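Participant: below are the sequence and a predicted model; questions follow.
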Amino acid sequence: MNEKYLITGGSGKLGTHLKELLSCETPTHQQFDITDPIKIRNYFNQDYKAVIHLAAISDQQYAANHQEESYIVNVLGCRNLAKIANEKNLKIIYISTDYVFPGTKGNYSETDLPSPANWYGYTKLAGEWEIRLNSQNWCIIRTSFRPLKWSFPTAFTNVFTSADYVDVIANEIFLCSKMNIEGIIHIGTQKKSFYDLAIKKNKKIEPELCTLPDFQKNRDLCIEKWDKLKEMHGF
Ligand SMILES: NC(=O)c1ccc[n+]([C@@H]2O[C@H](COP(=O)([O-])OP(=O)(O)OC[C@H]3O[C@@H](n4cnc5c(N)ncnc54)[C@H](OP(=O)(O)O)[C@@H]3O)[C@@H](O)[C@H]2O)c1
């Protein structure tokens, strides 16, 4: 079996880090447009170890303002890719998000019922179901990550997350790809406030209290299953 992964969205924030860690092929958006089933079917001219599907419209505001476009990319793109990967007997590893949950109670486990708070979350959740319904060999990773640098002068002390910096999460996804996990898995690092995450990189970031009533303040995913799997595999 070929040891190379096929990674979609390899030029994006996560893809840029992940492709450094894995033996992989990362076709461009133009070479491998996930909304074009003919193009993607024609691209599969060799075997791969698995497909890691990152390509998406990931900007939440853009998704909200371009609902049809984000549905076509995030939902129908998953359907196209899952069907073709399945025809080729390839496993598909799909990167989903903590935004499939409303961000109210926190500690969301793999068995909690999703209920997205925004359009982006809906498209990612619908993408999950396209993967589940159209592939017989899949893994859905729900996660969250931040750019390498904290880009604001302040960070919230009362908003909680299991997110980490993109290089840290790319490494966790790399480990996950080595474990051959099936089903849904929540990946992140221990629950923390955004302020605690921010000062890991920059001690000058000022603490700020989030007073917006509708803000998703408890977005952290339960990562117990992930921690146990890592321990079992000696990572
Ligand atoms: N950012 C987060 O905090 C976060 C958290 C949890 C999960 N995720 C998920 O993680 C994945 C990667 O996120 P990211 O932040 O790295 O995304 P990103 O930086 O926005 O990159 C998106 C990638 O998808 C490609 N793409 C967009 N439309 C495409 C299409 N129709 N066909 C093929 N490629 C297409 C883009 O290529 P071009 O730039 O060339 O168009 C780019 O390489 C996404 O699935 C996202 O939903 C993100």
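Facilitator: Structure received. Numbers count the residues shown, from 1 in each chain.
Participant: so which bits of this protein are right by the ligand?
Facilitator: Applying Cβ under 6 Å from any ligand atom, we find that the chain lies next to the ligand at 8-9, 11-15, 29, 32-35, 54-56, 58, 73, 77, 95, 97, 124, 143-145. Every C-beta, even on glycine, is put in place using the N, C-alpha and C of the backbone.
Participant: filter these to the buried ones?
Facilitator: Among the residues of the chain next to the ligand, those buried by neighbour count (16 or more other Cβ atoms under 10 Å) are 8-9, 12-15, 32-34, 54-56, 58, 73, 77, 95, 97, 124, 143-145.
Participant: ok, the residue nearest to residue 88 when sequence neighbours are not counted - how many residues close by?
Facilitator: Of all residues not flanking residue 88 in the chain, residue 44 sits nearest, at 5.7 Å (Cβ to Cβ, 6 or more residues apart in numbering). Other residues near residue 44 number 16, with proximity taken as other Cβ atoms under 10 Å.
Participant: and for residue 47?
Facilitator: Neighbours of residue 47 (other Cβ under 10 Å): 13.
Participant: nearest residue to it in space, please, no chain neighbours.
Facilitator: In this structure, residue 47 finds its nearest non-sequential neighbour in residue 2, 4.4 Å apart by Cβ to Cβ, 6+ apart.
Participant: got it, and residue 229?
Facilitator: Take residue 229 and drop its neighbours on the chain: the residue closest to it by Cβ to Cβ, 6+ apart is residue 179, 6.2 Å away.
Participant: against the ligand, how distant is that neighbour?
Facilitator: Here residue 179 is placed at a distance of 19 Å from the ligand (Cβ to the nearest ligand atom, to the nearest Å).
Participant: quick one: secondary structure of the residue lying farthest from the centre of the chain?
Facilitator: Taking Cα atoms, centre = their mean, the residue of the chain most remote from its mean C-alpha position is residue 204, at 29.1 Å. Assigned by DSSP: H, G, I helix; E, B strand; the rest coil, the conformation of residue 204 is coil.
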